[in-house]
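S.K.: With the sequence up front, the predicted model follows.
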Amino acid sequence: MTPKSKHGIMGSIFRESIPAGSILTIVYDAYSSAWMLSFAVLKKELLRGSFGIISNYNFPFQNLCRAAKHVGLDIEKELSNDNLAVVDVFGSKYNVRCDKKNVFYLDSVSPELINPKIDLIYAENIRPLTRGRRIIRLINTLDGIALMFGEPETLKLLTQTIAQRSKDMPDSILILPINRDVVSQKFIGWVAGVSDYVIIASTRLEENVEEKMYLVKSPEEGFTSTVYRLWITEEKSPERLKVRKIGNGKP
């Protein structure tokens, strides 16, 4: 890639597809467009035939659907076609529920019992849907869990989840978006430490909105940190997010 070239964000970060078993952390600020990246990755994986699982902690189901449509991800359609499942923790906690195929709820939400209850949903309801397909899991979002349960409890739950999925879904991909304006640097540092890929987006507000994206961690051979200029286009697809490399790093 030359400094003047511009590409869709997916092809710029991942040479092919995300390696099986990877953890991808996306850190962004309150004004960044990089919050769309997790949905873009999920959409691209669904197009490749993967099965997606969203654990929703941030807002009601319909809001989740609207957010995903920014990159062309039609959650309701994918649910109907058995390509996606949603564990709606937000709806479970605040009793905001909808009767949709492959949307699952918990009878109660507490940090002590949430992981065993989600494990049961995985075993009884979600695993039969996967039919041997590659699995991509999106936690929307880690800062949403931190607001719900607190940072120390969230890190404990995440550790348990990583350990459990390494047993029952060892080849699955985990996406962890984090709004850094909501959580502490210590929290972000811990999550980055257990991740294979770490992407950081930063926004500067002046006459124009200027956004940079930093790929700071990758398991790719020969990787060095890479800086990109990031912007969005009007198209509703995973390639809506565009980047131009502005450094000498090798993604």
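M.R.: Received it, and whenever you're ready, just let me know what you need.
S.K.: Next, the contact list for residue 121, please.
M.R.: By C-beta atoms under 8 Å, 6 or more residues apart in numbering, the contact set of residue 121 is 87, 104, 106. No exception for glycine: its C-beta is placed from N, CA and C like everyone else's.
S.K.: Run through who's touching the longest helix along the chain.
M.R.: With secondary structure taken from DSSP state H, the chain has its longest helix at helix 151-168. When contacts are defined by C-beta under 8 Å, 6+ apart, helix 151-168 is touched by residues 21, 23, 111, 114-115, 119, 122-123, 127, 137, 142, 145-146, 149, 172, 174, 176, 183-184, 186-187, 190-191, 194.
S.K.: Give me the distance from it to the chain's centre.
M.R.: 16 Å (C-alpha atoms, centre = their mean, to the nearest Å).
S.K.: now swap in stretch 133-152 and tell me
M.R.: Per C-alpha atoms, centre = their mean, the centroid offset for stretch 133-152 relative to its chain is 8 Å.
S.K.: That stretch spans what distance, first to last residue?
M.R.: 33 Å (C-alpha to C-alpha, to the nearest Å).
S.K.: Could I get the buried residue list for it?
M.R.: 134-149, 151 (16 or more other C-beta atoms under 10 Å).
S.K.: do stretch 123-136 as well
M.R.: 126, 130, 134, 135, 136.
S.K.: How about stretch 70-82?
M.R.: 70, 71, 72, 73, 74, 75, 76, 78, 79.
S.K.: Closest to residue 204 out of the residues you listed?
M.R.: For these, the residue nearest residue 204 by C-beta to C-beta is residue 70; the value is 21.7 Å.
S.K.: pLDDT below threshold where in the stretch 101-250 of the chain?
M.R.: 247-250 (pLDDT under 70).
S.K.: where exactly do the helices run in it?
M.R.: Using DSSP state H, counting those that start in this stretch, the helices of the stretch 101-250 of the chain run over residues 114-121, 127-130, 142-149, 151-168, 185-193.
S.K.: Tell me which of those helices approaches residue 200 most closely.
M.R.: helix 185-193 (8.8 Å).
S.K.: quick one: contacts of that closest one?
M.R.: 25, 27, 142, 146, 151, 154-155, 158, 176, 178, 180, 198, 217.
S.K.: want to try TSV for the residues you listed, with distance to residue 39 as columns?
M.R.: Formatted as TSV, the contacts of helix 185-193 follow (distance: C-beta to C-beta, whole Å):
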residue	distance to residue 39
25	15
27	16
142	15
146	20
151	24
154	21
155	24
158	20
176	13
178	15
180	18
198	18
217	21
